[in-house]
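> build me a structure from this.
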Amino acid sequence: IRVSAGTASALPPVGEETKLYTYTAVREDAIALYGFLTKDDLDIFKLLIGVNGIGPKGGQSILSVMSPDDLRFAIVSGDAKMIAKAPGIGAKTAQRIILDMRDKVSLEGTLHADTGAVMGAAVYADVTVTFGFVKLGAFLYPGARYAGQVRCFPIGITADSFLGETPGRFTFTEPVNSLMPVRRPDGNKGSFGKAAILAGSETMAGAAILAGEGAFAAGCGMVKLISPVENRSVLQCALPEAMVTQDIREACGWADVIAAGPGLGRMRTAVEQLRYIIEETRKPLILDADAINLLAQEPALLAMLCDMQKDSAKRRPLALTPHPGELARLAGISVQEVLADVEGLLKLWAQKLSAVILCKGARTYVVCPEGKIYINGSGNSGMATAGSGDVLTGITAALTAQDEDLFHAVCIGVYLHGLAGDRAAHKKGEYSMKAGDIAEAVPGLIG
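Sure, this is the predicted structure:
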């Protein structure tokens, strides 16, 4: 059909659906359209082309990269980046569209099936029933909070339906002891990994203790804590199984894996210690907490690490384990921007650093340079407590020392950490549990 621009607003609705042809060409007032659009979709389309500077051609561009429902969601959520992906639509134009249309567009009460975002309004369900496989929208927050208990029932769709193409995102649900590295019955303490952990400034000895406890709990054979001499007595009393040293060169040469960051501080000494590890060692490296903050603070050191990771001769197995605040500092953006696109940001930095990188949260994401994405489902609000991340660093270091696949080791570490948090919450309660309770709960899950 041919519709003149002057009569486009008077298109007659036909029941609940109207046959309309999408824009393929625009010449003066001649418009060619295709597809089935509901009356509501026609209404939003008319609003869109009525925005100053958009017109039919801009509307065509936007709806060529997103559905009308996606456009509604982008407008209501203020997601200008989503709209700006359309050819010829820049960030300023996208913002103008949102400002012009946000009071004219609403969403029916529901959850976004891919992101879990609330589209307008949603009910708090006691139980959500789904089929085949759990949907992301009911797994990710805030959708998980609204979904309640999710029950998934089979309807004949099995993993065979993937035809060998594994989904881009996965999670673990099986018993964690079935995922742990196999222990040799004839092994010794050196067989099960030696971890050197750079942690604990003079006022943060507890971070080193918690990281060491996490490493031992996850099966590490030997742990050497690199910490200031002022911490020696408290570390040896609190964790007599660990060795304590100030000799970073000797410790890194001895270790199978190096972890750095918990309670490290941001003084010049810490910068030089991190610089030594990056420049002079090639062992698998786990960077957390202040090690990540130091990379953000020292752009030259970060650039050097990026360059080394691009060089196959200098590249090492590398993992970063930030929370959103640390990731924001590393990327030079706000926490809100991190949370708006955690997955995309992690993919960017995984490739930039040729590293496994995660972002801790109610649903922790882990991404590898090849683009695989693990989303963790274990854990609870009680784990939002000081030192919890230090325990994860130790667990991750222990598993990295025992598993040649770094991505696999980090994913298992996150899963085990969350399950231990769940067990600790069952015993102590989410209000009262501490980070040490998480480390204490690990043996009961893998022993």
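
> tell me the contacts of residue 263?
199, 200, 201, 204, 205, 206, 207, 208, 289, 290, 390 (CB atoms under 8 Å, 6 or more residues apart in numbering). C-beta: built from backbone N, CA, C; applies to glycine.

> do the same with residue 105
Residue 105 is in contact with 44, 47, 72, 75, 76, counting by CB under 8 Å, 6+ apart.

> doesn't it fall inside a helix?
No. Judged by DSSP: H, G, I helix; E, B strand; the rest coil, residue 105 forms no part of a helix; its state is coil.

> quick one: it from residue 45, how far?
Per CB to CB, to the nearest Å, residue 105 is found 11 Å from residue 45.

> find the helix or strand that residue 115 is a member of.
Using DSSP states H and E, residue 115 sits within no helix or strand.

> burial of it, as a residue count?
Residues near residue 115, counting by other CB atoms under 10 Å, number 17.

> isn't it up against residue 137?
Yes. Judged on CB atoms under 8 Å, residue 115 makes contact with residue 137 at a distance of 6.5 Å.

> return every residue with contacts to both of those two.
residue 143.

> still on that earlier bit, return the member of the contacts of residue 263 nearest to residue 124.
Nearest to residue 124 among the contacts of residue 263, counting by CB to CB, is residue 390 at 34.2 Å.

> and the pLDDT for the nearest residue to residue 202 once chain neighbours are set aside?
Leaving aside its sequence neighbours, residue 202 sits nearest to residue 230 (CB to CB, 6 or more residues apart in numbering; 4.8 Å). The per-residue pLDDT reported for residue 230 equals 96.

> what do you get for residue 81?
On pLDDT, residue 81 comes in at 90.

> pop out the phi and psi values for it.
phi -60, psi -40 (degrees, to the nearest 10).

> gap between the residue nearest to residue 202 and residue 288?
22 Å.

> more crowded one of these two?
More neighbours surround residue 288 than the other of residue 230 and residue 288, with 32 against 12 (other CB under 10 Å).

> where does pLDDT dip in this protein?
1-40, 106-109, 120 (pLDDT under 70).

> again, only using 90
Applying pLDDT under 90 to the chain flags residues 1-50, 52-53, 55-61, 63-80, 101-125, 128-135, 154-168, 340, 447.

> wouldn't residue 58 be in contact with residue 49 here?
Yes. Using CB under 8 Å, residue 58 makes contact with residue 49 at a distance of 7.2 Å.

> redo the contacts of residue 263 as TSV? Include distance to residue 248, secondary structure and neighbour count.
Converted to TSV, these look like this (distance: CB to CB, whole Å; DSSP: H, G, I helix; E, B strand; the rest coil; neighbours: other CB atoms under 10 Å):
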residue	distance to residue 248	secondary structure	neighbour count
199	12	coil	32
200	13	coil	29
201	14	coil	21
204	17	coil	21
205	17	helix	22
206	20	helix	21
207	17	helix	30
208	14	helix	31
289	17	helix	24
290	15	helix	25
390	19	helix	32
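
> how about JSON lines for the residues you listed, with distance to residue 242 added?
Formatted as JSON lines, those follow (distance: CB to CB, whole Å):
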{"residue": "199", "distance to residue 242": "11"}
{"residue": "200", "distance to residue 242": "11"}
{"residue": "201", "distance to residue 242": "17"}
{"residue": "204", "distance to residue 242": "16"}
{"residue": "205", "distance to residue 242": "12"}
{"residue": "206", "distance to residue 242": "14"}
{"residue": "207", "distance to residue 242": "13"}
{"residue": "208", "distance to residue 242": "8"}
{"residue": "289", "distance to residue 242": "18"}
{"residue": "290", "distance to residue 242": "20"}
{"residue": "390", "distance to residue 242": "14"}
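
> residue 127: which of these is nearest?
Nearest to residue 127 out of the contacts of residue 263 is residue 390 (CB to CB; 36.5 Å).

> so what's the closest one up against?
With CB under 8 Å, 6+ apart, residue 390 has these contacts: 199, 206, 207, 208, 210, 211, 214, 262, 263, 288, 289, 435.

> nearest residue to residue 331 in space, please, no chain neighbours.
The shortest distance from residue 331 to any non-neighbouring residue, by CB to CB, 6+ apart, is to residue 345 (6.2 Å).
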